[in-house]
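**Q** Model the following, please.
(chains A and B)
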Amino acid sequence: MSLNHLTLEQEVYRRDAVFRRPEWEFDTQLGRYRDTTTGRFLSERDALALTRRTITTATERLKLITDQLSQGLLRLDQWQRSFASLIKTLHTAQYIIGRGGIRNVFPADFLEIARTLKAQYRFLDQFARDIAAGRMTLNQVRARANLYLNNTVSSYWRGQARSQAVGPQPAEMRRLLAPVEHCPECITYAAAGWVPVGTLPMPTELCSCRANCKCRVEYR
Amino acid sequence: MPTKDDRLDAEPFRPSGSPLPIGQLLDLATVTPQDVEEALDLAREAFPPRFQELLE
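**A** Numbers count the residues shown, from 1 in each chain, chains lettered A, B, ... in the order given. Model prediction:
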């Protein structure tokens, strides 16, 4: 329908949707974001879309520093340091999204993020050694570097799992497959149905699709 | 004639410099308040306008 054919009521709703600023709060009991002006919850699909947008923005930054590496403007150690910093920024952002915003992040959460980073930095160490040894082409370097950014969605799920622990404790979790191709492990996790919390690994963990895993987790 | 993309796929990439010592790399894993600010800045840059204040 063209905008010229909107009724007055539809036009009011349209303007409201375009211009009204939502006021977000995180419901710690339910572990979900809510727009207090409408009472509507942020869907998990929308939350995951925000994690993907954040990865996309970080990917642009990664391209920039990798271009600088390829042009000789950055040395390998300088690129590695910049990349490590970007990985940290992105894992932290993803964790905060899952955790329910900055007001719900506490010192213990920083330790959780740091644990993840240490594991990632050990992989990054081997990655840099492979580059230094001349074992990779530039395109391979770019592709492998992108996997580090895709993997940060695991921090969203860790933050979300932590936020679930604040309200009434969910007893069960289940894995939901996204409408994409799946690895055999994810199919097995999803087929298990509802299982006690902590039984299943988080998406991107212990599966062949690893950093590219698009599964979701639901609690009850 | 090979294109630039073909060469990027065929030739080993050898940048200058050497890898960062692992100890220095792991030292970077500490998360500081400044890191959190940078994470929020990244999210602000990435999020559409109506989600700008989601994490505040």
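**Q** Tell me where the chain has strands.
**A** The chain I'm using is chain A. With DSSP state E as the definition, chain A shows strands at residue ranges A:24-27, A:32-35, A:40-41, A:172-176, A:195-196, A:216-219.
**Q** Chain B against chain A: which residues are in contact?
**A** Taking C-beta under 8 Å from any C-beta of the partner chain as the contact definition, chain B meets chain A at B:5, B:8-20, B:22, B:25-26, B:28-31, B:35-36, B:38-40, B:42-43, B:45-48, B:50-51, B:53-56. Every residue, glycine included, has its C-beta placed from N, CA and C.
**Q** Please work out which residue of chain B is closest to chain A.
**A** With distances taken as C-beta to the nearest C-beta, chain B approaches chain A most closely at residue B:17, which sits 2.8 Å away.
**Q** Got phi/psi on that residue?
**A** Phi and psi for residue B:17, reported as degrees, to the nearest 10, are phi 90, psi 180.
**Q** And for residue B:45?
**A** Recorded main-chain torsions at residue B:45 are phi -70, psi -40, according to degrees, to the nearest 10.
**Q** Not counting its neighbours along the chain, what's nearest it?
**A** Computed as C-beta to C-beta, 6 or more residues apart in numbering or on different chains, the closest residue to residue B:45 that is not its neighbour in sequence is residue A:57, at 5.3 Å.
**Q** Look up how far residue A:45 lies from residue A:54.
**A** Remark: distance between residue A:54 and residue A:45 (C-beta to C-beta, to the nearest Å) = 15 Å.
**Q** So those two - more neighbours on which side?
**A** Neighbour tally, residue A:54 and residue A:45, criterion other C-beta atoms under 10 Å in any protein chain shown: the higher count belongs to residue A:54, 27 against 9.
**Q** contacting residues for that one?
**A** Neighbouring residues of residue A:54 by C-beta atoms under 8 Å, 6 or more residues apart in numbering or on different chains: A:90, A:93, A:94, A:97, B:42, B:43, B:46, B:47.
**Q** Quick check, the first one in contact with residue A:55.
**A** Yes: using C-beta atoms under 8 Å, residue A:90 and residue A:55 qualify as a contacting pair, with a distance of 6.9 Å.
**Q** Give the intersection of the neighbour lists for these two.
**A** Common neighbours of residue A:90 and residue A:55 (criterion: C-beta under 8 Å, 6+ apart): A:149, A:152.
**Q** more neighbours, the two?
**A** When residue A:90 and residue A:55 are compared on other C-beta under 10 Å, the one with more neighbours turns out to be residue A:90, at 29 against 22.
**Q** tell me, what residue is most central in chain B?
**A** With distances taken as C-alpha atoms, centre = their mean, the residue of chain B nearest its centroid is residue B:42 (11.1 Å).
**Q** Report the contact partners of residue A:141.
**A** Residue A:141 neighbours (C-beta under 8 Å, 6+ apart): A:66, A:131, B:13.
**Q** residues contacting the second one?
**A** Right, the one you point to is residue A:131. Taking C-beta under 8 Å, 6+ apart as the test, what residue A:131 contacts is A:76, A:141, B:13, B:15, B:19.
**Q** do the same with the first one
**A** With contact set as C-beta under 8 Å, 6+ apart, residue A:66 has these partners: A:79, A:141, A:142, A:145.
**Q** Nearest residue to whichever residue of chain A sits closest to chain B in space, please, no chain neighbours.
**A** At 2.8 Å from chain B, residue A:75 is the closest residue in chain A, using C-beta to the nearest C-beta. Excluding its sequence neighbours, the residue lying closest to residue A:75 (C-beta to C-beta, 6+ apart) is residue B:17, at 2.8 Å.
**Q** count of residues packed around the one you found?
**A** The local packing count at residue B:17 equals 17, with neighbours defined by other C-beta under 10 Å.
**Q** Quick check: pLDDT value at it.
**A** Note for residue B:17: predicted pLDDT of 95.
**Q** what's the distance between it and residue A:174?
**A** The span separating residue B:17 from residue A:174 equals 47 Å under the rule C-beta to C-beta.
**Q** Same question for residue B:48.
**A** Residue B:48 is 30 Å from residue A:174, where distance means C-beta to C-beta.
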